[in-house]
Every structure is written in structure tokens, then in C-alpha cells.
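Novice: return a 3D structure for these sequence lines:
(2 chains)
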Amino acid sequence: MEAVEKSKRVQSFTKTKSQRAGKEEWLQRALIILMLLSFLSVLIFPLGTLFAKAFQNEEGTFIGIANFVKYFTTPSLVQSFQNTLFIATMTTAISVTLAFMFAYCLVRTNVKGKTFFRYTALLPLFAPTMMHGIALMYLFGNQGLVTKGFFGTIPGIEIDLYGPVGIIMAEVIYTFPQAFLIMLVALNGSDNRLYEAANTLGVSKAKQFITITLSSVKYGLVSSMLVVFSLSFTDYGAPKVVGGQYNVLATDVYKQVIGQHKMEMGATVGLILMLPALIAFIVDQLTQRKQVSYVSSKSVPYQISQNSKRDSLSFVFCSIISACILILFAAVVLAASVKVWPYDMSLTWKHFELKSYTGDGFTAYKNSLIVAALTAVIGTIFTFVFAYAIEKIRRMAGVRKFGHFLSIIPLAVPGLVIGLSYVFFFSQPKMNILGWTVSNPLNFLYGSIAIIVIANILHFYSVAYVTAVTALKKLDREFELVSESIGVPFYKTFFKITLPMCLPAVLEMAMYFFVNSMVTISAVIFLYTADFKLAAISIVNMDDAGNLASAAAMSVLIIFTNIVVRVLYEVVTKLIRQKNMKWQNQ
Amino acid sequence: MNNSYLKIAGIHKNFGSFTALNGISIDIKKSEFVCLLGPSGCGKTTLLRIIAGLEQPTAGSIFINGKDMTYMPPAKRNFGIVFQSYALFPNLTALQNIAYGLKAKKIPKKEVKERALEALALVDLLHVKDKYPAQISGGQQQRVALARAIALSPDFLLLDEPLSALDAKVRERLRREIRFIQEKLQITTIMVTHDQDEALTMADKIIVMNNAEIMQVGTPQEVYNTPANPFVADFIGSINFWKESRKGKNEEKTAAIRPEHIRLSRTDGILAEVEDVEFRGPIYRLEFKVKDSSSHLYGQSIKVDVSTHDVNHLKLVKGMNIHISLPEESILAYNELVVS
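Specialist: Residues are numbered from 1 along each chain as shown, chains lettered A, B, ... in the order given. Below you'll find the model as predicted:
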């Protein structure tokens, strides 16, 4: 009794002592510290430098918000800010509406050809945004197929492509699959019991749509709107190709930094560029907390009722959307393989030689392959190991929580901002941390291929991280403890149990890193060097040089590569599934 | 003077301002089968996790075989553990699951296999040795998990609600099987459960917990027949409570009796009316209302368990009046007041 009393007194002023640490514990701690250091050097320091620069003048003196004041008093810059808002708003309205309808047709009707429509809708993911612009030029440009009325067979239709119309069209195609994927998940998460209850209560179909369907997908809708808005707000590729004289923020940043060497202004615009993504990020975090799951383990999947008229309408709609996408891709493939569009339509391979004074042809393509492969391999390893450290190690809970927060931050950082902040941070030989000036140990990375790979990994980190965490969460929490209790070191369980169990997710992450590294331009446009160009950049350069056919050919090459990688991924995943059939849950 | 094998001394655990464990002290003898029993949130799982080394106590110590283990990492404590979720590695066969820990111990390969097979034989599952967890039943999975936990001959065994995920029939069979193996190996075992039947049938010693504190420690018979307080009386089995005022003194106490200890008679005892009849197979649970206005129990509802045979014999139906008597030796008395 006395002992209890004594320990009661003791507990009030002692902190919980930690366990004695062995070799394994130190290894785990080292892993978590490595994670923290990585984030510090590739995320926090670069973004911090960018942030600081936006509040400094050319000499590096703090000038408060003077740069922002200057920005919003320069008419041309304000104009492009308005332009960007207009583009993003229009794109969001069109893209999300179409994506919702398309996803609705695939999930809630008995439309024929679902698989075909699904893959077609995802096709734009495999192409750089410049390609959508190029395709539009071949269809609606001055010499476009539609403009010229299909070689004069029908009266031509002229739309004012170069400017907002072209940009919005390209952005809609670019953002459509992203919105579609989110809507697909949202619409799949429904509970048929709600509809059954509504039917027995005699609620009309229209009212059911509003009270049940829309309310169950509202978070998905908000989330897809935010994603589409910030993607089209920050995209560089499409405005570059079909923007004409219509300026947007993304092209402004490039002009300010590369054209006029106004780094502070570049940083300022970069911060403004981050705003929608930042808002999206905050809203997403808040709604995620509020979101009550409409789907529980007891939920009954949606039962599609028989309605042939609805199905026919859906089929027409899906066919039109798919046709639009396929025509764009067909136009680019065709443009890349005919002699002189639209005068000499005979087939040739010559554009695939990628001979151009500015594009660096096959070397750029090869460079892109190297970068994409390195990003896929290194990115997957780091992302998975870090996700494992955050999810499965039970030490340093506070630091791991912080690590999780840092891991989803890249979602809110547009590619252009990553590229820009890397230029600022890695190029400086000395860095300033809270008033201390030290030499920058990471300066050597500047101008190397490594910095491009790092930028890509960070750019696509969050999505891959979420994939890894989702897979890890499916594993029993107690695996690590059971291993510990029977004396198996954690790294052995990692290689023997965790990794094999998560192999499908790991492959998905690698595929995601690869495909996106092939098509991205925003992050790398500031980082490539003259002797290490990339395929996506060479598309822009060839387009600038007027060599549109070669630009089209390069686009085709990128898409082809990505489709091959995707098919490979599907095949390998299927093989793994078959092999592991025995231990997968039936 | 101290022959305890596992000694838990004055354990406190706070999560922020929440007190999960408040001065828990337990002595467990070697080869003893101890059940931590209590409602959810009482701290029993936290206590198990502290014994395993997964959580650190805010204050207090844990001694295993006289050695202070309070700050030892789990790997150094030499225990086996079985979870409600089994936590079998899905990509390893039953045999590989058991051999997994043995392999890490630098034991010759041949011996690893021998010992794994031995453990599998102990739980009578040799015939599924090459099957993956997803291919065997839940009960079999739990037995494999048990075999894996004991294959390394640990000093003690921790069972965290091991039977909760199983069907009633399988659960009953596994109770006996776990107890059989535990007796055979003479391994000190601590099992967490919220199921009183499980604790009563399996344990040598039950530790009843509530609100971060120990309510009673005793054999199954002790905690059932002489519950130390109204909480234990109510939590384990069924019980009738009523207020009893001391004659002459202005003091109220609580009296209690288990439903099966009440006798029925056509002539002797307190007059009561059958208010509700619930059939439970071998017995009936009857609900009586005391009609005798001279009794101190007047107006009180009383639960009584009566064998089906007696109910048929007395032809008891709802609305019928009969006499009940409460044998003095079966009445429990408590100082605490229970509102019911």
C-alpha cells in the first residue's frame, strides 16, 4: 500500500523514461533522422529560400511586401493574373462537369464498352500537356484539318485557337482524367440501402439524385475541382504552345527568371502560383477530417436499374468524349507520320529521326528515359522506406507525425515552384540559416542530372507516398511486434514480409514515377542544362523553332513509351497476383 | 519470502491527462494461468502492452524472475504473444510462420524444422503445415499463432483477446486446447479478455479490473462466490441488488444474491408474482415482483434462475403468485451503495 502511495507521488513529477536502445533501435532512429534530413534539404530549405527571396530585393535586403505591391501595380502582370484566373475557372467548370458525367455513365448506368471508355479517358495521362496543344494546332490551327474543312471537302470552321480558347481546350483534356479518377472513386462509394429506403418512401429520382448521389460525392466534387483548378492554374506546357500573346502566370515566371533574370519577381510569382494549391491542400485536410464515410463494411453496392434509354444516351455521351480524345491522339500520330501537313499526306518516318537544330532529337529522348528510370527506382525506394518508417516504426512518434505532414506537403507545391526553388537554393554556394552563413554542402548537385531526378521525386512524392501508406496500413499492425517478440530484426521482416506483401503497390509507385517523369516539364524547365536536355523540353524547343512535325513525333514517342510501360506494369502485376493467389484473401 | 515469477509493482500509466492505469500491483507465480478481466477501457490491454514492453509505464516497475525489466525492449523480455488478429504472416506457410523466429536464432536448419514441426504437432495441425493462413480456418490460424508463440520456448506467454474473433463453438474448443497446452508446457500465461466465461473456465487466477484499477484478485471460485465489491458481483455473472437498512442505525447498505441461489416454494417464503419468463434452454430466467407488503423487499424486482425441470413441475407461468426465499448463507453484503 505504501509503495503505491509512493509511486503515486513519484509519477506526478517524473517523465516517462524511454527504453534502453539496442542496435536495431539505433538503426530505426537513423532511418527516421535520414528522412528528416532529406526533407530538410530537398523541401524545406529550397522552399524557404524561395519564400525569403520573394521578400527581398536584388541585393538580398529585406523589403517586406514591396515585390507583391510591385506585382499588383504592373498592368501587364495583373493582366496575366486575371488571365490565369479565367483559364483556371473555365477549365474547372468544363472539366469537372464532363468528368462527373463520364464517371456517372460508367458507374451508374449499364453503358456498353465500359473498359474501353475507361482506358480512353485515362489516355491523356500518358502525354505531356504540350501534346494536347500540338494536336489542337493540327486540327484548329491556321492550316488545321477542321479550319481547312478537311482538305476543302466541307466548309472550314475557324476558331480563334491561339489564346484563351486553345489553352482552355488543352487544359480540359489535360485535367479530365484527373477529375475523372476522383469522381470514379467518389461515385463508387455509395450504399444501395439509401436508394432502397428512398424508393420505399416514394422519393422521386430527381430528388434522390440531389439528396443521395450528390451529397455522397460532394467531397469528391470539391476535391476534383480544387485539383483541376490548381493544375490548370500552374500548367506551363499548354499556354507555351497554344497561348499565343495571351500571358499566364506560368509563362510569366519563366520569362521573369530566364528571360529577364528578375529572380525576386520570379519568386513572387512563384508564391502566387502556389496559392490555389495551398488553399486546396488546406480545404482537403479540413474536409478529410469532417468526411463521414458513406460506405461501411455493411454497405450494399449500388444496383443499376434497367433503363435502355438512359444507357443509349450515356453511350452517345461517352462516345463523343472518347472520340474527342482519340481524334487528338490520332491527329498527333498522323501529323508525325506524314510528309507535309496538310499538303502532302503521304506517310514517312522522317520526322521520327527528330532532326532539329534545337531539339537534340534522340539524345533528349534517351536522357528522358534515364531520368524517368532513375526517378522510378530511387523515388520508389525512398518513398516506400520513408512511408514504412512513418507507418510501422513505433519510436519517435512526434517526429513521425511531422514526417507524415511533410510527406503530403509536395501535393501543394506546383512543379514550376519546385524547379524555381531548386534553382535558388542549389545554385547558391553559401546559405543562410537563421543568420548563420555556411557553405552550401548541396551546391555540387546544381546542374547535374541528380537535381532533375530529385526534383521529379519530390514533385510526385505525395501520391506515391499515399499509395505506399495505404498498402502498409492493410498489413496487420502486429507483424512488427510479433517479429520483435520472436527475436527477428525489423529489417528482416521488412524484406521477408512487408515488401513482398506490398509488391503490387511498389510497382504502381514505380510506374507512376516513370510515366510522370516522362511527361513533366514544369519542374525541370529551370533545371536542365544545355548538354542534358529532356524529351518534353525538346518538344517545346522544336515547336519554338517551327518544327512542329518533329515535336509531334517526339510526343508520339513519349506516349508510346508510357503505354508500353503501363502495359508492362499490368502484365507483371497480373503475374504477381497469379503467383500469390494462394496467400491472398479469397 | 517472495516466490512470484512476474512481479508488477505500482504501475501507473497516463496518456496526457487520462489515467489508464492507477497503481497496479500483481504477483504472478511460475506456471500460473492469469486472466486480466474487465470491461473495455479498463486498462487491461494497456497493462499487457506494458508487460510486453510496447508501452512504457509512467511510474512503477516490472520484474521478471527477480530482474528489473521495466526499461527492456520487447525483444529482450523473452515472451511469446498471440493477438486477436492472429498476425500470421500471410505470405508464409503455417510451418514457415513457426520457423520464422527459430531461423533468426542461429539454430541448425534441421533443428529449426524439427522444432517447428514439434510445435505444430502440439496444436494438432501437422496436416496443414504447407498451407497459407488464407487457406485455413480462423481457429486453425489462431492455433498456428499459438504454436509460433511457444516454438521459441519463451519464459511467459501473453494472449491478447485470442478468441474474440472466433465463432462460439470454435471458441469453446480452443479454450480447452490452450489450457491443455499451457498445463503441458507449464508456461506462465497472462490472458486479456472481456469475456467472463473465458476467464472463469480457463484461469487459475482472475484479476478483475475497472477504471484503471484492480477490483479483485482471486481464483474463479473466489471472484464468483465472494465478489469483493458490487462491481465484481455485477460484472461476473448475474446478481440481484437491494438496499438494506441496519436496524436501529441510520445507515444503508447493499445486499446481493445470485439468481440461482433463490429457492421457490408453494408455501414458504415471501410472496411474489411472476412478471416475466425467459427460456434459456437448461434453465429459465424468471423475473419476480415482491407482493408481500410486510417484506423489506416489497415492490422489488428479483431475478431467479430455475431449472427447466422445476418450472415444468411447478407449472410456472406469467402472472402466477409463488413464494421465494433467500438463503442467508448466499446473501452478500456491501458497504457501497448501488443505484439500480
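Novice: of all of the stretch 101-250 of chain B, which residue lies closest to chain A?
Specialist: residue B:101 (2.9 Å; C-beta to the nearest C-beta). (C-beta placed from N, C-alpha, C; glycine too.)
Novice: the strands in chain A, which residues?
Specialist: A:338-340, A:344-347, A:430-433, A:436-439 (DSSP state E).
Novice: contact partners for the residue of the stretch 101-250 of chain B closest to chain A?
Specialist: A:483, A:486, A:487, A:488, B:148, B:151, B:152 (C-beta atoms under 8 Å, 6 or more residues apart in numbering or on different chains).
Novice: need the helix or strand of chain B with the lowest average pLDDT.
Specialist: strand B:240-245 (a mean of 85; mean pLDDT, DSSP states H and E).
Novice: pull the contacting residues for the closest residue to residue A:419 other than its chain neighbours.
Specialist: Take residue A:419 and drop its neighbours on the chain: the residue closest to it by C-beta to C-beta, 6 or more residues apart in numbering or on different chains is residue A:526, 3.8 Å away. Residues counted as contacts of residue A:526 (C-beta under 8 Å, 6+ apart) are A:254, A:257, A:258, A:416, A:419, A:420, A:422, A:423.
Novice: the first one: neighbour count?
Specialist: Looking back up the chat, that one is residue A:254. Residues within reach of residue A:254, counting by other C-beta atoms under 10 Å in any protein chain shown, total 20.
Novice: that one against residue A:236, yeah?
Specialist: Yes: judged on C-beta atoms under 8 Å, residue A:254 makes contact with residue A:236 at a distance of 6.8 Å.
Novice: what's the overlap in contacts for these two?
Specialist: The contact sets of residue A:254 and residue A:236 overlap at A:416, A:525 (C-beta under 8 Å, 6+ apart).
Novice: can you tell me how far the residue most central in space within chain B is from residue B:186?
Specialist: Among the residues of chain B, the one closest to the centroid is residue B:199, at 2.7 Å (C-alpha atoms, centre = their mean). Per C-beta to C-beta, to the nearest Å, residue B:199 is found 20 Å from residue B:186.
Novice: now the residue nearest to residue A:419: phi and psi?
Specialist: Backbone torsions for residue A:526, taken as degrees, to the nearest 10, come to phi -90, psi -10.
Novice: what's near enough to touch the residue nearest to residue A:329 when sequence neighbours are not counted?
Specialist: Distances taken as C-beta to C-beta, 6+ apart put residue A:123 closest to residue A:329, at 6.4 Å, once the chain neighbours are dropped. Residues in contact with residue A:123 (C-beta under 8 Å, 6+ apart) are A:177, A:325, A:326, A:329.
Novice: chain B: which of the residues you listed is nearest?
Specialist: residue A:177 (33.3 Å).
Novice: that closest one: neighbour count?
Specialist: For residue A:177, using other C-beta under 10 Å, the count is 20.
Novice: repeat for residue A:521
Specialist: With other C-beta under 10 Å as criterion, residue A:521 counts 23.
Novice: what is the burial count for the residue of the stretch 251-400 of chain A found nearest chain B?
Specialist: In the stretch 251-400 of chain A, the residue that lies nearest chain B is residue A:394 (7.2 Å; C-beta to the nearest C-beta). Per other C-beta under 10 Å, the neighbour tally for residue A:394 reads 15.
Novice: ok, it - contacts?
Specialist: A:480, B:54.
Novice: how about residue A:88?
Specialist: A:229, A:230, A:232, A:233, A:276.
Novice: ok, back up a step: so after the strand or helix carrying the residue of the stretch 101-250 of chain B closest to chain A, what's the next helix or strand?
Specialist: In the assignment (DSSP states H and E), residue B:101 maps to helix B:94-103. Following helix B:94-103 in sequence order, the next helix or strand is helix B:109-122 (DSSP H and E).
Novice: OK, contacts around the residue of the stretch 451-586 of chain A found nearest chain B?
Specialist: The minimum distance from the stretch 451-586 of chain A to chain B, using C-beta to the nearest C-beta, falls at residue A:486 (2.9 Å). Taking C-beta under 8 Å, 6+ apart, we find residue A:486 in contact with B:80, B:100, B:101, B:104, B:148, B:149, B:151, B:152.
Novice: ok, now residue A:258?
Specialist: Residue A:258 sits in contact with residue A:526, where contact means C-beta under 8 Å, 6+ apart.
Novice: how about residue B:299, phi and psi?
Specialist: phi 90, psi -10.
Novice: gap between the residue most central in space within chain A and residue A:278?
Specialist: Closest residue to the average C-alpha location of chain A: residue A:460 at 5.9 Å, with C-alpha atoms, centre = their mean. Noted for residue A:460: a distance of 18 Å to residue A:278, by C-beta to C-beta.
Novice: next: residue B:79.
Specialist: 49 Å.
Novice: tell me which of those two has more neighbours.
Specialist: residue B:79 (25 against 17).
Novice: what pLDDT does the model give the more buried one?
Specialist: The model reports residue B:79 with a pLDDT of 91.
Novice: go on, the one 10 residues further on?
Specialist: What the model reports as pLDDT for residue B:89 is 93.
Novice: for the residue nearest to it when sequence neighbours are not counted, what are its contacts?
Specialist: Of all residues not flanking residue B:89 in the chain, residue A:497 sits nearest, at 4.9 Å (C-beta to C-beta, 6+ apart). Listed by C-beta under 8 Å, 6+ apart, the contact set of residue A:497 reads A:475, A:479, A:483, B:89, B:91, B:92.
Novice: what parts of the stretch 151-300 of chain B come near chain A?
Specialist: Residues of the stretch 151-300 of chain B that fall close to chain A, judged by C-beta under 8 Å from any C-beta of the partner chain: B:151, B:152, B:154.
Novice: based on its surroundings, how many neighbours for the last one?
Specialist: Going back to what we said before, that points to residue B:154. By other C-beta under 10 Å, neighbour count at residue B:154 equals 21.
Novice: repeat that for residue A:305.
Specialist: 12.
Novice: may I have the phi/psi pair for it?
Specialist: Torsion angles, degrees, to the nearest 10, at residue A:305: phi -80, psi 160.
Novice: distance of it from residue B:273?
Specialist: Counting by C-beta to C-beta, the gap from residue A:305 to residue B:273 is 56 Å.
Novice: before we move on, what about residue B:47?
Specialist: Residue B:47 is 46 Å from residue B:273, by C-beta to C-beta.
Novice: more crowded one of those two?
Specialist: residue B:47 (27 against 14).
Novice: does the more buried one count as helix, strand or coil?
Specialist: Counting by DSSP: H, G, I helix; E, B strand; the rest coil, the backbone at residue B:47 sits in helix.
Novice: pretty sure it is touching residue B:6, no?
Specialist: No: look at residue B:47 against residue B:6 with C-beta under 8 Å: they stay out of range, at 11.7 Å.
Novice: before I go, just wanted to say thanks for your time.
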